[in-house]
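A.B. asks: Next input, structure requested:
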Amino acid sequence: MQRVFLYPIGMIALFGLAACVLPGDETAEQTTGAADYAAFCAGCHGPSGVGDGEMAEGLLQKPADLTALAKGNGGSFPTTRVMAQIWGYTGGQDGGRVMPQFAALLDGDLVPYDGGDGIMTPTPIRLVDLAEYLKTLQK
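C.D. replies: Numbering: from 1, shown residues only. Alright, predicted model coming up:
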């Protein structure tokens, strides 16, 4: 008799515990610098970064050749300057910024990062990953 009574209570408890597991509690998908480049940059800068993306033709100003950033900076990749440009800190002369700001798209978890100036700065990991990917495109 006791067993018959405890079985429904046990089942109710089991279903109650199962309900505590939140649906959709998967870990967020981690993007890569290459994936963000393909999504946000390649349209203008091209798949290889030379400024020949499919949208480049319609722009008033030709997109920068991202493969020559280190060469144009004495052989050293200008990480901090590049990250500031991507993020949107640099507005161009008289606010005439051509490239869109990507801060909202790359916002996320922060990591301490030294962009080459010797200062560890909390930086969105997606911005770090994108800058690190751009380093691989250098000629």
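
A.B. asks: Assign a three-state SS to the residue nearest the centre of the chain, would you?
C.D. replies: Geometric centre of the chain, nearest residue: Arg126, 2.9 Å, by Cα atoms, centre = their mean. Put simply, Arg126 is helix when judged by DSSP: H, G, I helix; E, B strand; the rest coil.

A.B. asks: how about the closest residue to it other than its chain neighbours, what does it touch?
C.D. replies: In space, and not counting its chain neighbours, Arg126 is closest to Leu106: 4.3 Å by Cβ to Cβ, 6 or more residues apart in numbering. Every C-beta, even on glycine, is put in place using the N, C-alpha and C of the backbone. Leu106 is in contact with 36, 40, 86-87, 124, 126-127, 130, counting by Cβ atoms under 8 Å, 6 or more residues apart in numbering.

A.B. asks: Which pLDDT value does the model give Leu106?
C.D. replies: What the model reports for Leu106 is a pLDDT of 86.

A.B. asks: how much space between it and Trp87?
C.D. replies: 7 Å (Cβ to Cβ, to the nearest Å).

A.B. asks: Return the per-residue confidence for Ser2.
C.D. replies: No Ser there; residue 2 is Gln. Predicted confidence (pLDDT) at Gln2: the value is 52.
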